[in-house]
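Novice: Pasted the sequence and its predicted model underneath.
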Amino acid sequence: MLNSYSSADKVLLAVDCIIFGFDHEGLKILLIQRDFEPEKGKWSLIGGFLKKEEVLDTAAIRILDRYTGLQDIYMEQLHAYSDIDRDPVERTISVAYFALINIENHNAELIQNYHAQWFSVANAPKLIFDHDSMLRHAIRRLRYRTSIKPVGFELLPEKFSMRQLLELYEAILSKELDKRNFISKINSLDILIKLDEKDMQSSRKGSYLYMFDKEKYDAKLLNDFVLNL
């Protein structure tokens, strides 16, 4: 029976955040260039260590706010990574989260101050430690979530065209989707509000803009349904 903590091994607990964004160039990942050893000068996911007074979600929210200036964003705990030699300095277990943010909304000055940079997911540089594995895992999870649930609206501007929505889903799923089938399935969810405004840059006639109905959107996330894209 355990009656003392003094003889137990002590390990560090890190929180690493895979931060996805989206713009006209496609799906992107926010990375930071390390300014300390080990692996100084190399690219890394954004992260930090759990504080004594924090739970994991609080730590992830703190880290995301520190580097992007954003709060109240879509965030999901991904996985725990515990390989013994994953960090060459100290025995460190990492709990990874992935988050979705609109690139237009983040604090660009904050990102620049921390030597962070957006990279295309398809052309991201090699990352330190096991961060490449975390990124691959997060992409698989995001694709799975997106294929069955209306996840991803956090990556879009407040007002968006159906074309932008289609391009977002194609970027996440890394495949071309049938436009008519996609629009039919999205409309069947009844989570979009069609506006009287048009995006006049897409064509001479213009494309109607939409907003998502947050109340219906949140309800769909909670309900057991399948989108099947």
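Specialist: Structure's in. What do you need?
Novice: which residues in this protein form strands?
Specialist: 12-23, 26-33, 43-44, 46-49, 74-81, 92-100, 116-120, 160-161, 192-199, 207-212 (DSSP state E).
Novice: Show me what the last one pairs with in its sheet, parallel or antiparallel.
Specialist: Okay, so that is strand 207-212. Strand 207-212 has the following sheet partners, assigned by DSSP bridges: strand 160-161 (antiparallel), strand 192-199 (antiparallel).
Novice: Need the residues that contact it.
Specialist: 150, 153, 158-163, 165, 191-195, 197-199 (CB atoms under 8 Å, 6 or more residues apart in numbering). Every residue, glycine included, has its C-beta placed from N, CA and C.
Novice: Which members of those residues are classed as buried?
Specialist: Using 16 or more other CB atoms under 10 Å as the burial test, the contacts of strand 207-212 include 150, 153, 160, 161, 162, 165, 191, 192, 199 as buried.
Novice: Name the nearest of those relative to residue 54.
Specialist: For the buried ones among the contacts of strand 207-212, the minimum distance to residue 54 (CB to CB) is 28.4 Å, reached by residue 153.
Novice: can you tell me which residues contact the closest one?
Specialist: 212, 217.
Novice: for residue 125, same thing?
Specialist: Neighbouring residues of residue 125 by CB under 8 Å, 6+ apart: 31, 43, 119.
Novice: Buried ones among the residues you listed?
Specialist: Among the contacts of residue 125, those scoring as buried are 31, 43 (criterion: 16+ other CB under 10 Å).
Novice: Now render the contacts of residue 125 as TSV, adding pLDDT and distance to residue 69.
Specialist: Output for those, formatted as TSV (pLDDT from 0 to 100; distance: CB to CB, whole Å):
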residue	pLDDT	distance to residue 69
31	96	17
43	97	21
119	96	19
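Novice: could I get the contacts of residue 125 as JSON lines with distance to residue 21?
Specialist: Converted to JSON lines, the contacts of residue 125 look like this (distance: CB to CB, whole Å):
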{"residue": "31", "distance to residue 21": "11"}
{"residue": "43", "distance to residue 21": "16"}
{"residue": "119", "distance to residue 21": "10"}
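Novice: and the nearest residue to residue 150 once chain neighbours are set aside, how far is that from residue 211?
Specialist: Leaving aside its sequence neighbours, residue 150 sits nearest to residue 220 (CB to CB, 6 or more residues apart in numbering; 5.4 Å). Distance of residue 220 to residue 211, computed by CB to CB, to the nearest Å: 15 Å.
Novice: rewinding a little: using pLDDT, spot the least trustworthy of the buried ones among the contacts of strand 207-212.
Specialist: Least confident of the buried ones among the contacts of strand 207-212 in the model: residue 150, at 79.
Novice: I figured it was touching residue 219, is that so?
Specialist: No - contact criterion CB atoms under 8 Å: residue 150 and residue 219 do not qualify, at 10.3 Å.
Novice: Domains of the chain: list them as residue ranges, please.
Specialist: Domain assignment for the chain by automatic domain parsing gives 11-148, 156-220.
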